[in-house]
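Enquirer: Build me a model from this:
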Amino acid sequence: MARVYILANVLPGRDREIREALRGMQGVAMADVVTGHYDLVAVLEADSMSEIFDSILKKVRSLKGINRTETFVAVE
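Expert: Numbers count the residues shown, from 1 in each chain. Below is the predicted model of the structure:
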């Protein structure tokens, strides 16, 4: 199982809307609004890393209202 963690900054007031959109996407294991430098954290899971980067991550980054993402690949 491949896993990626995404931290995202979103437009003001859009955090809950984007969280719900993420939660409805196939491949998104969880998504939460958080405090700190980022607005959201999400966990993406798939059978392979290529599936995450070629499909799921592209859909996440295309959501309107996401300003910036930082991606962390789980290695173990």
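
Enquirer: Tell me where the chain has strands.
Expert: With DSSP state E applied, the chain shows strands at 2-10, 28-33, 40-46, 66-73, listed in chain order.

Enquirer: want to throw the ones you listed into a markdown table with mean neighbour count?
Expert: The C-beta positions use only the backbone N, C-alpha and C, and glycine is treated the same way. Converted to a markdown table, the strands of the chain look like this (neighbours: other CB atoms under 10 Å):
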| stretch | mean neighbour count |
| --- | --- |
| strand 2-10 | 19 |
| strand 28-33 | 15 |
| strand 40-46 | 20 |
| strand 66-73 | 14 |
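
Enquirer: Kindly present the ones you listed as JSON lines, with separate columns for distance to residue 20 and mean pLDDT.
Expert: Supplementary listing: the strands of the chain in JSON lines, determined by distance: least, CB to CB, whole Å; pLDDT from 0 to 100:
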{"stretch": "strand 2-10", "distance to residue 20": "12", "mean pLDDT": "97"}
{"stretch": "strand 28-33", "distance to residue 20": "8", "mean pLDDT": "98"}
{"stretch": "strand 40-46", "distance to residue 20": "11", "mean pLDDT": "97"}
{"stretch": "strand 66-73", "distance to residue 20": "13", "mean pLDDT": "95"}
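
Enquirer: Using JSON lines, lay out those strands together with distance to residue 54.
Expert: What follows is these, written out as JSON lines (distance: least, CB to CB, whole Å):
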{"stretch": "strand 2-10", "distance to residue 54": "11"}
{"stretch": "strand 28-33", "distance to residue 54": "15"}
{"stretch": "strand 40-46", "distance to residue 54": "10"}
{"stretch": "strand 66-73", "distance to residue 54": "14"}
